[in-house]
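Peer 1: generate a structure from the sequence data that follows.
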Amino acid sequence: MILFLLTFLCLYGGINFYFFCRARSVLHFSGAVSGLLLVCLILLILAPIIVRTLESLHYEHAARALACVGYIWMAFVFIFFFASVALEILRVLHKLIFPAAPTLTLKAATFGLSVFLAAGLVIYGYFDAQRIRVKNLRLETDQTLPGNGQLRIVQISDVHVGIILRNSRLDPLLERIRETRPDMLVSTGDLLDGELDNIMEDARRFAAISAPAGKFAVLGNHEYYAGLGRSIEFTREAGFVLLRDEAVRAAGITLFGEDDITGRKPGATPRSAAFAKALADGPEGFVLLLKHQPYVDPAARFTLQLSGHTHGGQLFPFGLVTRLYFPRNYGFHELASGKSLYISRGAGTWGPPVRIFAPPEITVIDLVGPKP
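Peer 2: Okay, the predicted model is just below:
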């Protein structure tokens with residue numbers, strides 16, 4: 001986590017400094033204005049750390065106000081950076097072809113267009129992040145299923161209940177889940193994000209959702225960041241059976257829930273070796289594997305793995321970056337005959353409450369099999 005923060009702050013600080021240099025070269029700030037802008041940028045760079053500190057000290061109103069400003073700025077300056085670099089490359093090429101073109105005019109034009117594009121996309125992404133989509137999958141199985149031979153599994157992932165996404169901002173997600181009428185509800189990690197007071201009220205809102213075949217969850221990396229004890233308490237208070245390298249039978253299928261690799265090395269927990277062996281042996285029938293990060297163990301024998309973690313990139317063009325770590329970044333992937341993977345973009349946001357060309361979703365998987 002410390003290494004991640006140092007790397008992030010260096011990259012984020014460099015992008016903010018780039019914005020400062022571009023703005024000063026075009027707008028020609030005075031010394032006093034430049035100094036004030038630098039101070040503001042330093043505070044914005046440090047905003048994620050300050051927000052977490054305020055959370056831990058239970059100054060939630062101040063943390064929420066700073067998070068809204070700091071994280072929206074984060075989205076803006078990231079998009080500005082990519083847009084500006086792309087436009088600057090075009091400007092340099094234009095200058096090579098047309099040497100007489102006025103340099104200062106072109107620099108001002110690319111800066112202004114970058115600001116306009118970044119601001120427009122962030123505004124669009126802020127509202128689009130609250131429009132939950134429903135992704136529908138239909139899978140046929142030879143496994144006998146109870147009732148009429150159908151089982152509806154609804155997957156949520158990467159909700160990140162925290163300083164921004166809570167209270168009324170959870171309403172669209174909860175309403176969409178209810179509308180799908182799940183037989184079984186599963187959470188594939190990062191349900192919680194942050195150390196907050198009175199957070200259990202939000203957990204109880206999840207607990208009120210009916211799922212006759214049960215509700216099951218696994219931990220993600222952010223549950224460890226938020227504090228493992230608090231995260232486990234929240235998940236269970238939300239009505240989920242937490243699977244930590246464990247397997248259960250429910251509604252005629254077998255569920256394996258794998259603990260996230262963030263908090264431990266593989267094989268380091270008392271149950272992990274037995275869990276890996278049981279998954280490699282592969283029980284009969286339909287096997288559903290819940291695993292936060294979309295790594296696929298070739299030795300694991302499952303019918304369908306549900307994962308999240310990538311957010312589909314969340315902010316374009318970060319989807320191109322996440323593909324470097326996870327070549328399977330989003331969507332349904334058939335790994336082999338009778339073995340598939342689905343990676344959700346997730347329903348919430350990390351950092352900026354913004355999604356650009358990676359809309360939030362919940363996944364509805366309709367299993368169809370023989371009647372008993």
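Peer 1: who does the host helix or strand of Cys40 touch, helix- and strand-wise?
Peer 2: Element membership for Cys40, per DSSP states H and E: helix 31-45. Here helix 31-45 touches helix 2-27, helix 60-97, going by 3 or more Cβ pairs under 8 Å, 6 or more residues apart in numbering; DSSP states H and E. Where you see a C-beta, it was placed from the backbone N, CA and C, and this is true even at glycine.
Peer 1: pLDDT on the next helix or strand after the last one, on average?
Peer 2: In the C-terminal direction, the helix or strand that comes right after helix 60-97 (DSSP H and E) is helix 103-128. The average of the pLDDT scores along helix 103-128 is 92.
Peer 1: mind listing what's buried along helix 103-128?
Peer 2: 106-107, 110-111, 114-115, 117-118, 121-122, 125-126, 128 (16 or more other Cβ atoms under 10 Å).
Peer 1: my read is Phe216 is in a strand, agree?
Peer 2: Yes: per DSSP: H, G, I helix; E, B strand; the rest coil, Phe216 lies within a strand segment.
Peer 1: what's the spacing between Asp190 and Arg355?
Peer 2: 15 Å (Cβ to Cβ, to the nearest Å).
Peer 1: now swap in His292 and tell me
Peer 2: Taking Cβ to Cβ, one finds His292 at 19 Å from Arg355.
Peer 1: what of Gly239?
Peer 2: Applying Cβ to Cβ to Gly239 and Arg355 gives a distance of 27 Å.
Peer 1: which one of these two is surrounded by more residues?
Peer 2: Arg355 (27 against 19; other Cβ atoms under 10 Å).
Peer 1: residue contacts, the more buried one?
Peer 2: 125, 128-129, 311, 314-315, 349 (Cβ atoms under 8 Å, 6 or more residues apart in numbering).
Peer 1: redo that, cut-off 7 Å
Peer 2: 125, 128-129, 314, 349 (Cβ atoms under 7 Å, 6 or more residues apart in numbering).
Peer 1: let's have those residues in CSV, adding distance to Thr144.
Peer 2: Output for those, formatted as CSV (distance: Cβ to Cβ, whole Å):
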residue, distance to Thr144
Gly125, 45
Asp128, 41
Ala129, 40
Gln314, 40
Thr349, 40
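Peer 1: so Asn136, which state does it fall into?
Peer 2: Following three-state DSSP, the label given to Asn136 is strand.
Peer 1: how far away is it from Phe332?
Peer 2: 11 Å.
Peer 1: any idea how far the strand or helix carrying Leu341 is from the chain center?
Peer 2: If you go by DSSP H and E, Leu341 is part of strand 339-343. Remark: strand 339-343 is offset 18 Å from the chain centroid, using Cα atoms, centre = their mean, to the nearest Å.
Peer 1: what does the least confident helix or strand in the chain by mean pLDDT contact?
Peer 2: Lowest on mean pLDDT, DSSP states H and E among the helices and strands of the chain sits helix 318-325, with a mean of 84. Contact with helix 318-325 is made by 310, 312-313, 329, 358, as judged by Cβ under 7 Å, 6+ apart.
Peer 1: please repeat the previous calculation with a cut-off of 6 Å.
Peer 2: 310, 312-313, 329 (Cβ atoms under 6 Å, 6 or more residues apart in numbering).
Peer 1: list the buried residues of that helix.
Peer 2: So, applying 16+ other Cβ under 10 Å, buried residues of helix 318-325: 318-319, 322.
Peer 1: swap in stretch 142-159?
Peer 2: Neighbour count says stretch 142-159 has 143, 145-146, 149, 151-159 buried, by 16+ other Cβ under 10 Å.
Peer 1: check stretch 175-190 too.
Peer 2: Buried, per 16+ other Cβ under 10 Å, within stretch 175-190: 176-177, 180, 182-190.
Peer 1: in helices only, show me the residues you listed.
Peer 2: Using DSSP state H, 176-177, 180 are the members of those that sit in helices.
Peer 1: looks like Thr310 contacts Arg328 (just checking).
Peer 2: No: counting by Cβ atoms under 6 Å, Thr310 does not reach Arg328; the two are 8.7 Å apart.
Peer 1: so for those two, which sits in the more crowded spot?
Peer 2: A direct count of neighbours by other Cβ under 10 Å for Thr310 and Arg328 places Thr310 higher, at 25 against 17.
Peer 1: what's the neighbour count on Leu27?
Peer 2: Leu27 has 12 nearby residues by other Cβ under 10 Å.
Peer 1: cool, and Asn136?
Peer 2: By other Cβ under 10 Å, the residues close to Asn136 number 9.
Peer 1: please apply the same query to the one 5 residues further on.
Peer 2: Residue neighbour count, defined by other Cβ under 10 Å, stands at 19 for Thr141.
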